[in-house]
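Chemist: Sequence first, then the predicted structure, then my questions.
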Amino acid sequence: MDYEKERAEAIDAGRYALDCLNSAYDELNKAGGWGIVDLLGGGLFTNLIKHSKMNRASDYISDAKDALTKFSKELKDISSQIDLDFNTADFLSFADFFFDGFIADWLVQSRIDDAKHQISDAICKVEEILKNL
């Protein structure tokens, strides 16, 4: 096994995952801002923008889940050489319920905030692992 090649592949996969996570976070942050406007009586236009941002975030979250799965596989290729603890099931589990059954704007805002916190945690973990590679 060419350790340096496997390490480079893991780093590339981690950086791509980080890009996806950061993009999802940015879109959720924008959606959250529009969500606050919506809570204050925004209206149809505000609601459309907020949901557009949420849809983009959903796409990035899907990409991030795929990228984290690939990152995890790449880490397994070198795990005998480095002690790394990374389980994709620990991160982004919110994606399964994030877009289900919005009942009220405040619930949407709460889910946006929860998702941002979970993405932020995943970003920190990926950054930590990349630093150790």
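Modeler: Great, that's in hand. From a predicted model like this one, the values you see are computed outputs, not experimental measurements.

Chemist: Check whether His117 sits in a helix, strand or coil.
Modeler: Under DSSP: H, G, I helix; E, B strand; the rest coil, the three-state class of His117 is helix.

Chemist: ok, which stretches of this protein are strands?
Modeler: For the chain, strands defined by DSSP state E do not occur.

Chemist: longest helix anywhere in it?
Modeler: For the chain, the longest helix by residue count, based on DSSP state H, is helix 3-39.

Chemist: buried sites along it?
Modeler: Going by neighbour count (16 or more other CB atoms under 10 Å), the buried part of helix 3-39 is 6-7, 9-10, 13-14, 16-18, 20-28, 30-32, 34-35, 37-38. In this view, the C-beta of every residue, glycine as well, is placed from N, C-alpha and C.

Chemist: Same check on stretch 115-126?
Modeler: Ala115, Lys116, Gln118, Ile119, Ala122, Ile123, Lys125, Val126.

Chemist: of those residues, closest to Ala67?
Modeler: Nearest to Ala67 out of the buried residues of stretch 115-126 is Val126 (CB to CB; 9.3 Å).

Chemist: Excluding chain neighbours, give the residue nearest to that closest one in space.
Modeler: Sequence neighbours aside, Leu18 is the residue nearest to Val126 in space, at 5.0 Å (criterion: CB to CB, 6 or more residues apart in numbering).

Chemist: what does Ile11 give?
Modeler: The shortest distance from Ile11 to any non-neighbouring residue, by CB to CB, 6+ apart, is to Leu133 (5.3 Å).

Chemist: who are the neighbours in contact with the one you found?
Modeler: When contacts are counted by CB atoms under 8 Å, 6 or more residues apart in numbering, Leu133 is found next to Arg7, Ala10, Ile11, Gly14, Ile78, Ile82.

Chemist: Just the pLDDT for the fourth one.
Modeler: The score at Gly14 is 93. That number is its pLDDT.

Chemist: Flag the shaky bits of the protein, pLDDT-wise.
Modeler: Applying pLDDT under 70 to the chain flags the ranges 80-106.
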